[in-house]
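>>> Based on what follows, work out the 3D shape:
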Amino acid sequence: LGDLTKPQVRSIAAEAGLHTAGKRDSTGLCFVGKRRFRDFIVGYLPPQHEGPMVCIDSGRRIGVHDGICLYTHGQRARVGGLPSRWYVVQKDVGTNTLYVCDGATHPTLRCHSLLTDEADWISGAPPPALASRDVTTSEALAAPEPELHCGVRVRYREARCAGVVRKRSVSPYEPAGLHVWTERPSLIATMQSVVLYDGEVCLGG
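Here you go, the predicted structure:
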């Protein structure tokens with residue numbers, strides 16, 4: 001199916017008489033079924049305990065969460081009795097505290113840069129722009145770090161934006177990976193994927 005568009009696949013399915021030809025798209029986890037995702041995931045987590053929801057600006061406790069592992073950065077945090085919508089900004093696992101902000105446009109939700117683990121490249125190797133320098137000469141040591149200018153997407157529903165990518169320093173204290181800067185601030189959460197593009201070509205991520 002790699003060379004076919006979704007409408008072409010639907011057309012083939014319709015010609016074959018498959019009832020799924022007109023079925024609406026699904027982006028959910030099919031194996032979860034009709035259960036709430038939270039009810040599904042708690043079976044794979046350590047026991048969760050209630051804890052405080054705290055306003056990131058004022059430090060005021062505004063509610064109680066059901067378990068800190070059930071929330072992720074940028075997620076809507078349902079706080080009863082308040083008229084506005086609140087969102088998860090930060091988690092303190094040690095104190096079981098969930099920090100939240102008022103409104104989806106709050107500046108603490110978005111940032112311009114991120115660090116990744118080791119990248120997976122579609123071609124099997126990094127783009128030439130990120131080729132390692134020969135550090136055996138003083139000229140090479142003085143040269144700027146290699147960087148890749150490309151399109152960047154962090155959230156699958158967001159439009160791509162321009163970005164700059166460099167390799168992270170490799171040391172015993174810092175894992176190999178990438179440092180990515182985005183032209184437009186993005187809502188970035190731990191364990192998300194960042195995907196890099198050269199025009200319409202996916203380079204990897």
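>>> Okay, now the unreliable bits of the chain?
27-33, 132-144, 169-175 (pLDDT under 70).
>>> In it, what residue spans correspond to helices?
Secondary structure of the chain (DSSP state H): helices at 6-15, 37-41, 138-142.
>>> Just the buried residues of the longest one, please?
What that stands for is helix 6-15. R10 (16 or more other Cβ atoms under 10 Å). C-betas here are computed from N, CA, C, even on glycine.
>>> can you check the second one too?
Counting neighbours by 16+ other Cβ under 10 Å, one finds that the buried residues in helix 37-41 are I41.
>>> Export it to PDB, keeping only CA atoms.
Coordinates of each C-alpha in helix 37-41 appear next as PDB, following Å, rounded to 0.1, in the frame of the first residue of the first chain:
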ATOM      1  CA  PHE A  37      -7.800   4.400  27.700                       C
ATOM      2  CA  ARG A  38      -7.200   5.200  31.400                       C
ATOM      3  CA  ASP A  39      -9.000   2.000  32.400                       C
ATOM      4  CA  PHE A  40      -6.800   0.100  30.000                       C
ATOM      5  CA  ILE A  41      -3.400   1.600  31.000                       C
END
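>>> With distance to L114 as new columns, can the helices of the chain be given to me in JSON lines?
Below are those laid out as JSON lines (distance: least, Cβ to Cβ, whole Å):
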{"stretch": "helix 6-15", "distance to L114": "30"}
{"stretch": "helix 37-41", "distance to L114": "24"}
{"stretch": "helix 138-142", "distance to L114": "27"}
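>>> end to end, how far does stretch 197-205 reach?
9 Å (Cα to Cα, to the nearest Å).
>>> residues making contact with it?
116, 119-123, 127, 150-153, 160, 193-196 (Cβ atoms under 8 Å, 6 or more residues apart in numbering).
>>> try 10 Å
116, 119-127, 129-130, 148-154, 160, 163, 165, 178, 180, 193-196 (Cβ atoms under 10 Å, 6 or more residues apart in numbering).
>>> and I188, how many neighbours does it have?
20 (other Cβ atoms under 10 Å).
>>> now it: how far from G22?
Look at I188 and G22: by Cβ to Cβ, to the nearest Å, they are 36 Å apart.
>>> For the protein, which residue occupies the most central location?
Nearest to the geometric centre of the chain sits Q192, at 2.8 Å (Cα atoms, centre = their mean).
>>> residues in contact with it?
Contacts of Q192 (Cβ under 10 Å, 6+ apart): T72, H73, G74, L114, T116, V154, R155, Y156, S186.
>>> Tell me how far the closest residue to H149 other than its chain neighbours lies from Y99.
Closest residue to H149 in three dimensions, ignoring its sequence neighbours and counting by Cβ to Cβ, 6 or more residues apart in numbering: V164, at 5.8 Å. If you measure V164 against Y99 using Cβ to Cβ, the figure is 29 Å.
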